[in-house]
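Novice: Okay, here's the prediction I keep looking at, along with the sequence it came from:
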Amino acid sequence: MSIELLGWGPDLAHAFSLLLSQSSLPLVPGRVVRQERGLLTVQTSERAFLSRPSGRLLHQAPSAEALPTIGDWVALIPPSGEGEALLHSLLPRRSVLMRREAGSEREGQLIAANLDVVFLVTGLDGNFNLRRIERALTIAWNSGATPVVVLSKADLHADVSALLLEVEALAQGAPVLALSALEGTGLEELRAQLPAGKTGALLGSSGVGKSTLVNRLLDEARLATQPVRPDDNRGRHTTTHRELFVLPHGGLLIDGPGMRELGLWGEEEGLSQAFSDVLAMAADCRFSDCSHRREPGCAVRAAVEAGGLSSERLESFEKLLREQAYQARQSSSAAQREQKRLERNLTLAGGQHSRAKRRRD
Ligand SMILES: Nc1nc2c(ncn2[C@@H]2O[C@H](COP(=O)(O)OP(=O)(O)O)[C@@H](O)[C@H]2O)c(=O)[nH]1
Ligand SMILES: [Mg+2]
Ligand SMILES: [Zn+2]
């Protein structure tokens with residue numbers, strides 16, 4: 001397979017040639033196309049390699065964010081015979097999708113890297129929830145990729161066009177589309193958001209129909225021949241690994257396990273994009289530090305009273321703002337501790353280095 005089909009282009013080729021010029025190792029470029037716990041499959045132009053991060057890569061990574069994940073472009077060292085390849089380094093990312101690690105205040109968890117589009121999938125059944133869509137939009141904007149809201153299982157709902165309008169009103173310009181993987185409707189709209197060579201990821205709770213959609217896009221032939229993976233007998237309904245699929249039209253799509261919790265992670269950037277309407281209103285408040293509660297001249301409260309902004313959306317914004325601020329405080333104190341640890345290690349390494357130097361002299 002040519003790596004161009006996986007989205008390889010001039011920027012990556014440039015970064016890779018720089019790396020090659022600084023190294024005497026037999027490095028080969030490839031993309032992480034499958035991830036099952038720590039085990040990664042990397043596709044090069046030659047073949048797919050089971051791979052693990054090298055000790056050097058693991059040690060030099062300042063945090064979990066710097067480790068390879070699905071969608072990453074890497075430089076690997078092929079094994080001399082059979083066996084696993086070593087992931088030597090990551091090529092620069094153009095985007096990275098993360099959430100707060102479930103059950104943790106200060107750890108971020110990688111979801112995927114180098115995405116152009118994040119498809120936020122919500123089922124038009126019991127799963128439908130506007131507040132959840134707002135949260136997902138915030139996380140997606142933070143990644144650097146463009147969110148697209150996907151309302152799945154459209155066959156289960158009588159008035160999809162009313163829901164589309166409702167979601168468009170809060171999407172702040174992000175495209176919104178409805179589809180049914182079961183009936184095969186709305187797939188053209190989805191493909192239009194994922195042109196050939198672009199990478200998208202499906203983000204949504206378990207059961208919203210992500211894998212059914214991928215199967216549908218891959219076409220029915222494959223659906224008929226691969227219902228269950230023979231090696232582990234799992235998989236028809238539950239997705240336990242992440243995988244990047246090359247779709248027949250050339251778009252690249254990542255499917256993975258469902259995510260119930262989407263804790264905010266990262267900068268405030270995502271919130272300001274997801275709630276740009278509220279921020280624009282707040283710019284008209286009399287006081288620049290208005291809390292939008294009781295202050296006179298509050299343009300946000302005025303909008304709520306006039307019906308231009310729902311109080312649920314305002315509450316949702318405030319809740320996410322508090323969560324964001326709390327997480328930022330937690331991770332910055334964690335980052336300070338990590339910085340101290342690194343400095344200690346550097347001093348130790350410095351000591352070793354000067355001893356080594358003395359021996360050489
Ligand atoms: N009615 C309806 N059911 C669907 C649709 N897509 C998926 N499902 C069903 O939803 C369930 C979960 O689907 P799955 O693709 O495994 O969801 P995932 O966990 O998001 O990957 C399965 O029983 C599917 O048959 C759809 O478009 N319409
Ligand atoms: Mg699935
Ligand atoms: Zn105000």
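Specialist: That came through, no problem. Numbering: from 1, shown residues only. Ligands and ions are numbered 1, 2, ... in the order given.

Novice: which parts of the helix or strand containing L58 are buried?
Specialist: Element membership of L58 [criterion: DSSP states H and E] is helix 55-60. Buried residues in helix 55-60, counted by 16 or more other CB atoms under 10 Å: L57. To be clear about C-beta, it is placed using only N, CA and C from the backbone, and glycine gets the same treatment.

Novice: which parts of the chain sit against ligand 3?
Specialist: 285, 290, 292, 298, 300 (CB under 5 Å from the ion).

Novice: For the fourth one, give me its contacts.
Specialist: When contacts are counted by CB atoms under 8 Å, 6 or more residues apart in numbering, C298 is found next to 285-286, 290, 292.

Novice: of all these, which two lie farthest apart?
Specialist: R286 and H292 (11.3 Å; CB to CB).

Novice: Between those two, which is the more surrounded one?
Specialist: In this view R286 and H292 are compared by other CB atoms under 10 Å, and H292 has more residues nearby, 19 against 10.

Novice: Return the distance of that one relative to R341.
Specialist: For H292, the distance to R341 equals 40 Å [CB to CB, to the nearest Å].

Novice: Grab the nearest non-local neighbour of E261.
Specialist: Take E261 and drop its neighbours on the chain: the residue closest to it by CB to CB, 6 or more residues apart in numbering is A102, 4.9 Å away.

Novice: let me fix that: E312
Specialist: Nearest to E312 is R131, by CB to CB, 6+ apart, at 7.0 Å.

Novice: Tell me, what's the model's pLDDT at the one you found?
Specialist: On the pLDDT scale, R131 is placed at 94.

Novice: what's the answer for the one 4 residues further on, then?
Specialist: At R135, the pLDDT value in this model is 94.

Novice: thought it was touching L264?
Specialist: Yes - counting by CB atoms under 8 Å, R135 touches L264, with 7.5 Å between them.

Novice: what's the overlap in contacts for the two?
Specialist: L320.

Novice: Tabulate the residues of the chain next to ligand 3 (TSV), appending distance to ligand 1, pLDDT and secondary structure.
Specialist: Formatted as TSV, the residues of the chain next to ligand 3 follow (distance: CB to the nearest ligand atom, whole Å; pLDDT from 0 to 100; DSSP: H, G, I helix; E, B strand; the rest coil):
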residue	distance to ligand 1	pLDDT	secondary structure
C285	41	96	coil
C290	41	92	coil
H292	36	91	coil
C298	41	96	coil
V300	36	96	helix
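
Novice: got the contact list for the nearest residue to G123 once chain neighbours are set aside?
Specialist: In space, and not counting its chain neighbours, G123 is closest to V208: 4.1 Å by CB to CB, 6+ apart. For V208, the contact set (CB under 8 Å, 6+ apart) comprises 121-123, 127, 152-153, 258.

Novice: Among these, show me the least confident.
Specialist: N127 (75).

Novice: where do the helices sit along this protein?
Specialist: Using DSSP state H, the helices assigned to the chain run over residues 10-21, 55-60, 130-143, 160-171, 187-192, 210-218, 220-225, 269-274, 276-282, 299-306, 311-360.

Novice: who touches E323 in this structure?
Specialist: 263-264.

Novice: Now do it, the pLDDT please.
Specialist: 88.

Novice: Could you do A75 as well?
Specialist: On the pLDDT scale, A75 gets 97.

Novice: Surely it and L86 touch.
Specialist: No - look at A75 against L86 with CB under 8 Å: they stay out of range, at 9.8 Å.

Novice: For the longest strand along the chain, which residues meet the burial criterion?
Specialist: Assignment by DSSP state E gives strand 28-36 as the longest strand of the chain. For strand 28-36, the neighbour count (16+ other CB under 10 Å) marks 28-35 as buried.

Novice: Would you mind measuring from G258 to E84?
Specialist: Taken as CB to CB, the span from G258 to E84 is 29 Å.

Novice: do the same with Q336
Specialist: 36 Å.

Novice: Repeat that for G126.
Specialist: Counting by CB to CB - G126 and E84 are separated by 42 Å.

Novice: Looking at these two, which is more packed in?
Specialist: E84 (15 against 8).

Novice: For that one, give me its contacts.
Specialist: 49-52.

Novice: out of those, who's nearest G308?
Specialist: S51 (52.5 Å).

Novice: what's across from that closest one in the sheet?
Specialist: L40, A85 (DSSP bridges).

Novice: Do I have it right that it meets L76?
Specialist: Yes - the criterion here is CB under 8 Å, and S51 meets it with L76 at 5.7 Å.

Novice: Which one's more surrounded, these two?
Specialist: The neighbour comparison of S51 against L76 (other CB under 10 Å) goes to L76, with 27 against 24.

Novice: How about the more buried one, nearest residue that isn't a chain neighbour?
Specialist: A85 (4.6 Å).

Novice: count of neighbours near that neighbour?
Specialist: 23.

Novice: List the contacts of it.
Specialist: Contacts of A85 by CB under 8 Å, 6+ apart are 42, 49-52, 76-79.

Novice: Fine by me, thanks again.
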